[in-house]
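1. kindly generate the corresponding structure for this input.
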Amino acid sequence: MASPAQESTLIGLCDGAVDPKRHQSSFLTNKVGGQPDWQPVLRRQFPRCARCGAPLAHVVQVYCPLEASPYHRNLHLFACSGADCSGRSESWKALRSQCLESEVEPSKVAPAQEASLSASDWCDSADDWGAEEGGDGWGGVKPNRRVEDEPPAEDPAHSDMDVGSRLQVLRLGEPLMDTSLLRSFFISVLDESDLLGEGYDLDHAQELLREYESREGVTVGELNSKEGSGGEEKYEKTRAKHGDAVFSRFMKNISLCPQQILRYCRGGKPLFISEPPSNMAQVVSACASCGGSRTFELQLMPALVSLLQRTDGSAQLEFGTVLVYTCAQSCWKEGSASAVEEVCLVQTDPDQQLFK
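-> Got it, this is the predicted structure:
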């Protein structure tokens, strides 16, 4: 198991649109929006908003197996697009699903797509939190917390897609519901430590950083790419005009790549956009399946907000960052056909207009 100091953070970026005429996605695909691709052993699941009861839109799908674990592993994030709901933690759901390699028929798994991540990209730096020993390793485990299950729906019909605007037109696969899905695109990935390496547009990053400093009256400092600097940034601690030191630190950390839409670092430290709640122990509760602790795994970033639109351009979601905490042991009951619900913590953006 790697120590926290050795962990690297992986950054997700918007890549090509998911074109149903060219791509056949599967649970191995990392993507935003569209229809969720469930593992073949799972029943289709249609979570609803705990606040208003409306069906949730699929926001992000990540394939994230753990090293030394025999399981395929996915996280699906869903959110309510209601105007009064999207910025609330109770209106989001994170569902974790797992299955063994032996439970997957190779003929039913779509091949790797040209714009998507390889199956190992998300797990190269992930800690081994999920290895279980022996066939009786599930003794004493509480039943999985199940989300609302419904009978499988007919495959939705896809409409034409405007490739130039990177949009995908889909229908939400819930019976008797005529609800559009969010526009869909692949997620590409890079290691945060490589941002100062060859091929990254440092001049563009400097320009974005200067624009932020001018707007906010805060000095973050020049990005240092000189050889031998270790890729670190110079940072002058100055309060922003709105006086939010937490937000200033958040902006400093993402200044090399403001267009990042997702950060992945299982067992690492999240980037809070505002002060975390004082009752974090209650917010990040114990795993409902095994009673064990949860650990930070990934977060959605502000740059994703403007991309999350329905096919008619309406019902845009609003958030600052969405932090996802998952079972530290990644517990799973073999033979389960329902995903396990994890914890989402939504923080609003104190300066949302910066990302429009």
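
2. average pLDDT for the helix or strand hosting residue 93?
-> In this assignment (DSSP states H and E), residue 93 forms part of strand 92-100. If you average the pLDDT over strand 92-100, you get 96.

3. ok, now stretch 287-304?
-> Per-residue scores along stretch 287-304 average to 96.

4. now do the buried residues in it.
-> 287-290, 294-304 (16 or more other CB atoms under 10 Å). Yep, even glycine has a C-beta here, placed from its N, CA and C like the rest.

5. if we can go back for a sec, which strands and helices lie in contact with the next helix or strand along the chain from the strand holding residue 93?
-> Next helix or strand after strand 92-100 toward the C-terminus (DSSP H and E): strand 185-191. Strand 185-191 sits against strand 10-17, strand 31-32, with contacts defined as 3 or more CB pairs under 8 Å, 6 or more residues apart in numbering; DSSP states H and E.

6. output strand 185-191 as CSV, restricted to C-alpha atoms.
-> C-alpha atoms of strand 185-191 as CSV (Å, rounded to 0.1, in the frame of the first residue of the first chain):
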residue,chain,number,x,y,z
PHE,A,185,-18.2,12.9,-23.8
PHE,A,186,-15.2,10.9,-22.9
ILE,A,187,-12.8,11.7,-20.1
SER,A,188,-9.1,11.7,-20.8
VAL,A,189,-6.6,11.6,-18.0
LEU,A,190,-3.1,12.9,-17.0
ASP,A,191,-1.1,12.9,-13.9
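
7. and the angle for that strand with strand 10-17?
-> Per axes from the mean of the first three to the mean of the last three CA atoms, to 10 degrees, the angle that strand 185-191 makes with strand 10-17 is 150 degrees.

8. so residue 268 sits against residue 9, correct?
-> Yes. Counting by CB atoms under 8 Å, residue 268 touches residue 9, with 6.3 Å between them.

9. who has more neighbours, these two?
-> residue 268 (20 against 17; other CB atoms under 10 Å).

10. quick check, that one in a helix?
-> No. Secondary structure of residue 268 (DSSP: H, G, I helix; E, B strand; the rest coil): coil, not part of a helix.

11. thinking again about what came up before, mean neighbour count, distance to residue 255 and mean pLDDT added to the helices and strands packed on strand 185-191, as a markdown table?
-> Formatted as a markdown table, the helices and strands packed on strand 185-191 follow (neighbours: other CB atoms under 10 Å; distance: least, CB to CB, whole Å; pLDDT from 0 to 100):
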| stretch | mean neighbour count | distance to residue 255 | mean pLDDT |
| --- | --- | --- | --- |
| strand 10-17 | 21 | 13 | 92 |
| strand 31-32 | 27 | 23 | 96 |
